[in-house]
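Q: take a look and give me a structure for this.
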Amino acid sequence: MLDTSECEPITWFIHLVKNWIDFVFLAESVSSILQLLLILSVLFIIIHFVYSIIFLIFCICTFYFYIWKKTYTKEEYVLWRKPRQRIAQCLNLYAKIWHGHEIIGMENLPEGAGIIVYYHGAIAIDFALFVACFYAKTGRLVHSAIHYGLYLVPGIKLALDVVGCAKGTKVNCVEILKKGDLLGISPGGLREANFSDEYYNTVWGTGIGFAQVALETQVPIIPMFTQNVREAYRTVGKTRLMKWLYEYFRFLILPIYGGLPVKLCTYIGEPIPYDPNITAKELAEKAKIALENLRDRHQKRPGNILRALLERFDKNKKDV
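A: Model prediction:
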């Protein structure tokens, strides 16, 4: 006969657990938690609707690039040429139809390496459109130094790599420039994206890393500014608390609204040549002044959404 004396303690423990936990209550609790998570997810998507759309687009691109990579086995440079051309064509079509986008001063870009310093709107839609246009015309990929936090977002790393993005570390920037490529850097970055406004003030902080990189690699700095970029998208919630949270965590994204078909016109200024006799701080200040001069010449401040919309119908020739 089977001895069940050793099983009795186990049976007793199971009954104790069943009596202690009300499974009906547990199911209701799990259901409530899931409902709360669903509501929070919906609220997040509503508040960060634009970012959600961008994230979805990047996920679709990542899936497309992954299928392409599995289908074709070529060298890295050749492999992504066709997908990049297709992405550039889509962005160029969007830029032309939705924003009437123009680029003035493209002849100021060097044939070799250089750092493009640009004003960061609520989102860098203008720089993305510039990269697409430049690639379609020349076949050269302009790299972008981006916030490291973007690489923490799941599902978009491959897309970021293919379109030329890289973490904005000094090592990465120097490596790109030594290859003879162009590199786009926004010294204001996420801080400027969040806390600048329709007055288009540059919010750079104290960082001069881009100037140090320019001096180390002996490349010119080219200022770039896009008219009405703050009218296309704007941020909300620029409070002291949000500024403190950003400075503390260095990664905070404020809600934005917009997507309006305002006129966008990108102006590329004259290069600031390499000068071994100035310091990185002096070079950074020189680049800031050059960028602000572009802004003062081509942007009416404060920005106005209605005026930016009406400029779509302005046929007057843009002053260079």
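
Q: packing partners of the strand ranked longest in the chain?
A: The longest strand of the chain (DSSP state E) is strand 221-227. If contacts are counted by 3 or more CB pairs under 8 Å, 6 or more residues apart in numbering; DSSP states H and E, strand 221-227 sits against strand 114-118, helix 125-138, helix 209-217, strand 265-268, helix 280-298. For every residue, glycine as well, the C-beta is placed using N, CA and C.

Q: most tightly surrounded among those?
A: Each of the helices and strands packed on strand 221-227 was scored by mean neighbour count; the highest is strand 114-118, a mean of 26, by mean count of other CB atoms under 10 Å.

Q: got a list of contacts for that strand?
A: 109, 124, 126-127, 142, 173, 177, 182-187, 210, 213-214, 219-226, 268, 271, 287, 291 (CB atoms under 8 Å, 6 or more residues apart in numbering).

Q: how distant is that strand from the center of its chain?
A: Offset of strand 114-118 from its chain centre (CA atoms, centre = their mean, to the nearest Å): 15 Å.

Q: now stretch 90-107
A: Centre-to-centre, stretch 90-107 and its host chain are 18 Å apart (CA atoms, centre = their mean).

Q: now do the same end-to-end measure for it.
A: 24 Å (CA to CA, to the nearest Å).

Q: the stretch 101-250 of the chain: strands as residue ranges?
A: In the stretch 101-250 of the chain, the segments counted as strands under DSSP state E, counting those that start in this stretch are 102-104, 114-118, 143-146, 165-167, 182-185, 221-227, 233-235.

Q: which one is the residue minimising distance to the centre of the chain nearest to, not counting chain neighbours?
A: Nearest to the geometric centre of the chain sits A124, at 5.6 Å (CA atoms, centre = their mean). Residue nearest to A124 in three dimensions, not counting chain neighbours: S186, with 6.8 Å by CB to CB, 6 or more residues apart in numbering.

Q: is that neighbour in contact with D126, as I believe?
A: No. If you go by CB atoms under 8 Å, S186 and D126 don't touch, sitting 10.6 Å apart.

Q: ok, now which ones touch K263?
A: The contact partners of K263, by CB under 8 Å, 6+ apart, come to H99, G100, Q227, N228, A308, L309, E311, R312, D314.

Q: distance of the nearest residue to it once chain neighbours are set aside relative to G105?
A: Leaving aside its sequence neighbours, K263 sits nearest to E311 (CB to CB, 6+ apart; 3.9 Å). Distance check for E311 against G105: by CB to CB, to the nearest Å, it reads 18 Å.
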